[in-house]
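Visitor: Okay, sequence plus prediction incoming.
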Amino acid sequence: MPELPEVETVRRGLTPAMEGALLVRAELRRADLRFPFPADFSALVSGRRILSLGRRAKYLLIDLEDGNVIIAHLGMSGSFRVEEGAGPETPGDFHHPRGKDEKHDHVVFHLLSAKGPARVIYNDPRRFGFMDITNRDTLASHVFFRDLGEEPTGNVLDASYLAQRFAGKAQPLKSALLDQKNIAGLGNIYVCEALWRAGLSPMRAAGTLVDAKGKPKKALVLLTEAIRSVIADAIAAGGSSLRDHIQTDGTLGYFQHSFSVYDRAGEPCRTPGCGGTVSRAVQAGRSTFHCPKCQK
């Protein structure tokens, strides 16, 4: 499943084509994806101007002029591509066939802007993605968002915030970081990378990073900084592009070339002077990559 940096990359790729454009028509080529489309979805969004594109956790948010918001989730294999002009040309050189196989093109947003007509096409071979619509005023209380924690890219995420969430918790640190009620959108890849940067074991109890007064220890400060930096680096690199992830212009992100522990089991640890070997373990059914020697 694409993680937060991948979704943010998609948002940035769609923004030039979609923001300010008139959504002339939403063409639904099937009745459902992972879930059925909301009743009258096409009628509710067609003919509205798009004000902005946002993101919350791993959800894309398309704000419309009437106060409604399209919620889009990429699922396991979903992607968007932009086709501008009257012809079928797609900008960029797509490296994976899923973006071009029209039998998996399930939603087409027909747009009109000052630059002319364009189409934004949602392609999803596995159909694990979905779309919904709600009003901006009730977005925070929507079932998808009401229990989400703070964003790893926002200023609110600091060591004091995490100390409040982790105090007294015997839960393994990795599990606590993957809990979306603590941090929204933080996934397996970047948790592994952030823990390595902070030198912390994924098996360590989350509560050990908080002192008796409920204040963050130095290790939690370092972890918070590592989370923010690894997400920022991945976004700057265009996402990890694992398996079939592509940007909306067809190019690949290159953060995967910078992985320090993820998917590197048996390889030397990249911590200077460590001399350890990256190990793979399984926690709650998920692969955990870490260096047992330098991550304590």
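Guide: Structure received.

Visitor: Please identify which helix or strand holds Leu220.
Guide: helix 218-236 (DSSP states H and E).

Visitor: Same check on Ile71?
Guide: strand 68-73.

Visitor: ok, Leu28 - contacts?
Guide: The contact partners of Leu28, taken as CB atoms under 8 Å, 6 or more residues apart in numbering, are 37, 41-42, 106-107. (Glycine included, C-beta is placed from N, CA and C.)

Visitor: Of those residues - the most surrounded one?
Guide: Val107 (23 neighbours; other CB atoms under 10 Å).

Visitor: related to what we said a few turns ago, what mean pLDDT does the strand holding Ile71 get?
Guide: Per-residue pLDDT over strand 68-73 has a mean of 98.

Visitor: That strand - contacts with which helices or strands?
Guide: helix 41-45, strand 59-64, strand 130-135 (3 or more CB pairs under 8 Å, 6 or more residues apart in numbering; DSSP states H and E).

Visitor: circling back: helices or strands up against the helix holding Leu220?
Guide: Secondary elements touching helix 218-236 (3+ CB pairs under 8 Å, 6+ apart): helix 4-18, helix 159-166, helix 188-198.

Visitor: got a markdown table for those, with mean pLDDT, distance to Asp66 and mean neighbour count too?
Guide: Shown next, in a markdown table, are the helices and strands packed on helix 218-236 (pLDDT from 0 to 100; distance: least, CB to CB, whole Å; neighbours: other CB atoms under 10 Å):
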| stretch | mean pLDDT | distance to Asp66 | mean neighbour count |
| --- | --- | --- | --- |
| helix 4-18 | 89 | 16 | 23 |
| helix 159-166 | 97 | 35 | 19 |
| helix 188-198 | 96 | 36 | 24 |
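
Visitor: how about these in CSV, adding distance to Ser141?
Guide: Output for these, formatted as CSV (distance: least, CB to CB, whole Å):
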stretch, distance to Ser141
helix 4-18, 22
helix 159-166, 21
helix 188-198, 27
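
Visitor: Just tell me which of these ends up closest to Val69.
Guide: helix 4-18 (13.2 Å; CB to CB).

Visitor: Just checking, which helix or strand succeeds the closest one along the chain?
Guide: strand 22-28.

Visitor: ok so, going back, can you check which of the helices and strands packed on helix 218-236 gets nearest to Leu178?
Guide: Closest among the helices and strands packed on helix 218-236, using CB to CB: helix 188-198, at 5.9 Å.

Visitor: now for the closest one, which elements pack on it?
Guide: Against helix 188-198 (3+ CB pairs under 8 Å, 6+ apart) you get helix 173-178, helix 218-236, strand 286-290.

Visitor: which of these is buried the deepest?
Guide: Counting by mean count of other CB atoms under 10 Å, helix 173-178 has the highest mean neighbour count of the helices and strands packed on helix 188-198, with a mean of 23.

Visitor: Remind me what that one packs against, helices and strands.
Guide: Using 3+ CB pairs under 8 Å, 6+ apart, helix 173-178 is in contact with helix 188-198.

Visitor: Hey, what's the angle from the helix it packs on to helix 4-18? Just curious.
Guide: 120 degrees (axes from the mean of the first three to the mean of the last three CA atoms, to 10 degrees).

Visitor: Out of the helices and strands packed on helix 218-236, which is closest to Val143?
Guide: helix 4-18 (18.8 Å).

Visitor: Dump the C-alpha coordinates for that closest one into PDB.
Guide: The C-alpha coordinates for helix 4-18 follow below in PDB (Å, rounded to 0.1, in the frame of the first residue of the first chain):
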ATOM      1  CA  LEU A   4       2.100   8.900   3.200                       C
ATOM      2  CA  PRO A   5       5.100  10.200   1.100                       C
ATOM      3  CA  GLU A   6       3.700   8.400  -2.000                       C
ATOM      4  CA  VAL A   7       0.200   9.900  -1.400                       C
ATOM      5  CA  GLU A   8       1.700  13.400  -0.900                       C
ATOM      6  CA  THR A   9       3.700  12.900  -4.100                       C
ATOM      7  CA  VAL A  10       0.400  12.100  -6.000                       C
ATOM      8  CA  ARG A  11      -1.200  15.100  -4.500                       C
ATOM      9  CA  ARG A  12       1.500  17.400  -5.700                       C
ATOM     10  CA  GLY A  13       1.500  15.800  -9.100                       C
ATOM     11  CA  LEU A  14      -2.300  16.300  -9.500                       C
ATOM     12  CA  THR A  15      -2.400  19.800  -8.200                       C
ATOM     13  CA  PRO A  16      -1.300  21.700 -11.400                       C
ATOM     14  CA  ALA A  17      -4.000  20.000 -13.500                       C
ATOM     15  CA  MET A  18      -6.800  20.000 -10.900                       C
END
